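Visitor: The following block contains a protein sequence and its predicted model.
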Amino acid sequence: MNNNLRTDLIVEILPKNKTNKVDDIEITRVHLNSKDEVKYNKSKGNYVTIYFDKINAKIVKILTRELKILFKKNKITNDDVLVIGLGNENLISDSLGPLTIKNIKVTGYMDNIRKIYATSTSIKYLTGIDSFIYIKSLVSNLKPKLLIIIDSLVTSSIERLNKTIQISDTGISPGSGVNINSKEINKYSMGIPVISIGVPTVIDISYLIDSKLSNTLVTPKDIDVTIMEVSKIISTSINEVLL
């Protein structure tokens, strides 16, 4: 294990993982206990990684199934839900959250139905508001029973760039991949279950070439097309699970 890896993906941190395949799609399920939490410096809980070489409709089916499994493990029923997209819509590599939110079917304005609320945050340097404070306020006022967070991630593998979806019930630390310290959003800080969904959209240039540009993140030139396609996959799966 390399503790210095700059990655948000659990499969790149753990030395060995059991992987199942559905056609050309790989699914890796990991459960970290309290000892693992200390050893790997990652929050304990369940992680699922879905790897695909090409974007196709099968990913929606798999992601929907894995979300339902996580819901069941966390005893999530037909209660109200708040879906949050983290990131900066003006920066394409960080726009996964806001783009996904645009296609979430909301019902918060309806009566006699599960209420689904959806909104996106922006980065603190644009709004002056920390994402944690913003989300905590919404949770306190709307009182959902579940929080779903979508965010862009960092990978250390060029093969996984824009080709991996990671979901977990461990929460998320906004900006951790780019060395921004923010309070973790999880079931302990929010008081409700938190499901996170992320896609690695950037990689440190040092993993690609011998470069003196330390802490420089890069992304593929076709990121704009890919991020739109992946955001639709995620929103479609969330809609299928919630409605």
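Guide: Noted; the coordinates are in hand. Residues are numbered from 1 along each chain as shown.

Visitor: Residues contacting stretch 71-86, please?
Guide: Stretch 71-86 is contacted from outside by 46, 96-101, 104, 114-121, 131, 135, 138-139, 142-152, 169, 172, 174, 193, 195, 238, 241-242, using C-beta atoms under 8 Å, 6 or more residues apart in numbering. C-beta here means a position set from N, CA and C on the backbone, and glycine is covered the same way.

Visitor: at 7 Å what do you get?
Guide: Where contact means C-beta atoms under 7 Å, 6 or more residues apart in numbering, the residues beyond stretch 71-86 that reach it are 46, 97-98, 100-101, 104, 114-121, 131, 135, 138-139, 142, 144-151, 169, 174, 193, 238, 241-242.

Visitor: before we move on, what about stretch 50-66?
Guide: Outside of stretch 50-66, the residues within contact range by C-beta under 7 Å, 6+ apart are 22-27, 48, 160, 163-165, 167, 229-230, 233, 236-237, 240-241.

Visitor: For ChimeraX, what selects the buried ones among those residues?
Guide: Paste this into ChimeraX to select the buried members of these, with burial taken from 16 or more other C-beta atoms under 10 Å:
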select :25,26,27,48,160,163,164,165,167,230,233,236,237,240,241
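
Visitor: now the helices: where do they sit in the protein?
Guide: Remark: helices of the chain, listed N- to C-terminal, are 34-40, 58-73, 96-101, 124-127, 131-142, 187-190, 223-242; assignment by DSSP state H.

Visitor: Out of those helices, which gets the lowest mean score?
Guide: Comparing mean pLDDT across these, the weakest is helix 124-127, with a mean of 75.

Visitor: could you dump that helix to PDB, C-alpha only?
Guide: Taking only C-alpha atoms (Å, rounded to 0.1, in the frame of the first residue of the first chain), the coordinates of helix 124-127 have been written out as PDB:
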ATOM      1  CA  LYS A 124     -16.200  28.300  -1.300                       C
ATOM      2  CA  TYR A 125     -13.900  30.700  -3.200                       C
ATOM      3  CA  LEU A 126     -16.800  31.800  -5.400                       C
ATOM      4  CA  THR A 127     -19.600  32.000  -2.800                       C
END
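
Visitor: List the buried residues for that helix?
Guide: residue 124.

Visitor: one step back: could you point out which of the helices of the chain sits nearest residue 156?
Guide: Residue 156 lies closest to helix 34-40 among the helices of the chain, at 14.3 Å (C-beta to C-beta).

Visitor: wait, what's in contact with residue 134?
Guide: In this structure, residue 134 makes contact with residue 121, judged by C-beta under 7 Å, 6+ apart.

Visitor: roughly how far out does stretch 119-134 sit from the chain middle?
Guide: Relative to the mean C-alpha coordinate of its chain, stretch 119-134 is positioned 17 Å out (C-alpha atoms, centre = their mean, to the nearest Å).

Visitor: circling back: indicate which one of the helices of the chain is closest to residue 213.
Guide: For these, the distance to residue 213 is smallest for helix 223-242, at 18.7 Å, taking C-beta to C-beta.

Visitor: Show me the shaky parts of this protein.
Guide: 1-4, 175-181, 214 (pLDDT under 70).

Visitor: could you pull out the strands for it?
Guide: Secondary structure of the chain (DSSP state E): strands at 19-22, 25-32, 45-51, 81-85, 116-120, 146-155, 164-168, 194-204, 217-218.

Visitor: Pipe the ones you listed into JSON lines and attach distance to residue 126 per row.
Guide: Compiled in JSON lines, the strands of the chain are given as follows (distance: least, C-beta to C-beta, whole Å):
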{"stretch": "strand 19-22", "distance to residue 126": "39"}
{"stretch": "strand 25-32", "distance to residue 126": "33"}
{"stretch": "strand 45-51", "distance to residue 126": "30"}
{"stretch": "strand 81-85", "distance to residue 126": "15"}
{"stretch": "strand 116-120", "distance to residue 126": "12"}
{"stretch": "strand 146-155", "distance to residue 126": "16"}
{"stretch": "strand 164-168", "distance to residue 126": "26"}
{"stretch": "strand 194-204", "distance to residue 126": "19"}
{"stretch": "strand 217-218", "distance to residue 126": "18"}
